[in-house]
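[1] quick one: sequence plus predicted model below, questions after.
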Amino acid sequence: MKPMIQILLLALLASCGKIPVSPVNPGPVPQPGLQYINLNDAIVKPGNNQLLDIDGDGVRDLNFKVYLVGDPILKRDRYFYAVSSFENSRLLAAGENESPVMEKEDLIPVKNLPDFEWYLVAEVNLVQKVIEINRAPYWMGSWVNAIDSYLAFQLVKGPSVFNGWIQLSFDKANEQIVLHHAAFSLQPGVDIKAGL
C-alpha cells in the first residue's frame with residue numbers, strides 16, 4: 001500500500017507547477033537610476049482612497065481620493081477625483097488646480113514647466129463627474145481620457161528634490177482611477193522621463 005501512496009504523492013507534486021510570473025516591464029530596459037514600484041492596479045473610487053508612501057520611508061507622499069461637493073445654488077453635485085501632496089511632496093499645478101497629462105518619454109523637469117509650478121501641500125483635480133438637474137451626468141477634466149498616462153510628482157527630503165511619476169488610467173465605465181506603477185529618481189535634482 002505504501003508504494004501506491006508514494007506514486008499518488010509524486011503524481012500530485014508533479015501536477016503542481018510554478019505559476020508563471022510576468023515581469024513588470026517586458027519591453028525595453030527602464031531608465032537607470034530610478035526606483036520602480038508596482039502599484040498593482042490599485043483602484044481609486046468613491047469610498048476607496050489610496051494613500052501612497054512611494055519611497056517606503058513610512059511617511060505619506062500622495063493621497064488619491066474622490067470626494068463629493070454639493071452646490072445647492074447651481075443645483076448640481078460634483079465628484080472630484082483628486083490627488084494631494086503633503087509637506088514632503090510636490091505636484092505640478094496650474095489654473096483650476098490641474099496637472100499636465102504626461103505621456104511616455106515626456107520630460108519631468110526639476111524646475112517648473114511653462115504654465116505649471118511645483119507646489120508643496122497641493123491638491124490637483126484630475127477628473128470630475130458633474131450631476132445636474134434635467135441633464136445627463138457628464139465628465140470634465142484633463143485626465144478624463146487618460147490611459148497609461150503619467151502624473152509628475154517630486155519627493156522633498158531636506159534641500160534635495162527627487163522627481164517621480166505615477167502611471168495611471170481613468171476608467172470612465174467603472175468610474176474609477178487605476179494606479180499602475182510609480183517610479184522616482186534615486187539621485188536628487190535630476191530631470192527624468194515619464195514611463196517604463
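    Now that the structure is in, tell me what you want to look at.
[2] distance of residue 96 relative to residue 113?
    16 Å (Cβ to Cβ, to the nearest Å). Backbone N, C-alpha and C define where each C-beta goes, glycine included.
[3] more neighbours: these two, which one.
    residue 113 (17 against 11; other Cβ atoms under 10 Å).
[4] quick one: contacts for that one?
    Neighbouring residues of residue 113 by Cβ atoms under 8 Å, 6 or more residues apart in numbering: 92, 100.
[5] for the protein, give me the ranges with low pLDDT.
    Scanning the chain with the threshold set as pLDDT under 70 gives 1-30.
[6] quick one: the helices in it?
    Taking DSSP state H, the helices of the chain run over residues 2-15.
[7] tell me where the chain has strands.
    Here the chain has its strands, by DSSP state E, at 34-44, 50-52, 62-71, 76-85, 89-93, 107-108, 117-120, 123-132, 138-140, 149-157, 160-171, 176-185, 192-193.
[8] packing partners of the second one?
    Spelled out, that is strand 50-52. Secondary-structure packing of strand 50-52 (3 or more Cβ pairs under 8 Å, 6 or more residues apart in numbering; DSSP states H and E): strand 34-44, strand 62-71, strand 176-185.
[9] what lines up beside the second one in the sheet?
    In the sheet, strand 62-71 lines up against strand 50-52 (antiparallel), strand 76-85 (antiparallel) (DSSP bridges).
[10] most tightly packed of those strands?
    The highest mean neighbour count among these, using mean count of other Cβ atoms under 10 Å, belongs to strand 76-85: a mean of 20.
[11] now the angle from that strand to strand 34-44?
    Here strand 76-85 runs at an angle of 160 degrees relative to strand 34-44 (axes from the mean of the first three to the mean of the last three Cα atoms, to 10 degrees).
[12] now the strands paired with strand 62-71 as CSV including distance to residue 38?
    Shown next, in CSV, are the strands paired with strand 62-71 (distance: least, Cβ to Cβ, whole Å):
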stretch, distance to residue 38
strand 50-52, 12
strand 76-85, 19
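[13] of all the ones you listed, which lies closest to residue 169?
    With distances scored as Cβ to Cβ, the stretch of these nearest to residue 169 is strand 76-85 (11.9 Å).
[14] what's that closest one in contact with?
    Applying Cβ under 8 Å, 6+ apart, the set of residues contacting strand 76-85 is 44, 46, 61-71, 91, 97, 99, 119-133, 141, 143, 151, 153, 170, 175, 177.
[15] what does stretch 167-175 give?
    Applying Cβ under 8 Å, 6+ apart, the contact partners of stretch 167-175 are 39, 45-46, 79, 81, 126-127, 129, 139, 143-151, 176-182, 194-196.
[16] can you flag the buried ones in those residues?
    For these, a burial check counting by 16 or more other Cβ atoms under 10 Å picks out 39, 45, 79, 81, 126-127, 129, 139, 143-144, 146, 149-151, 176-182, 194-196.
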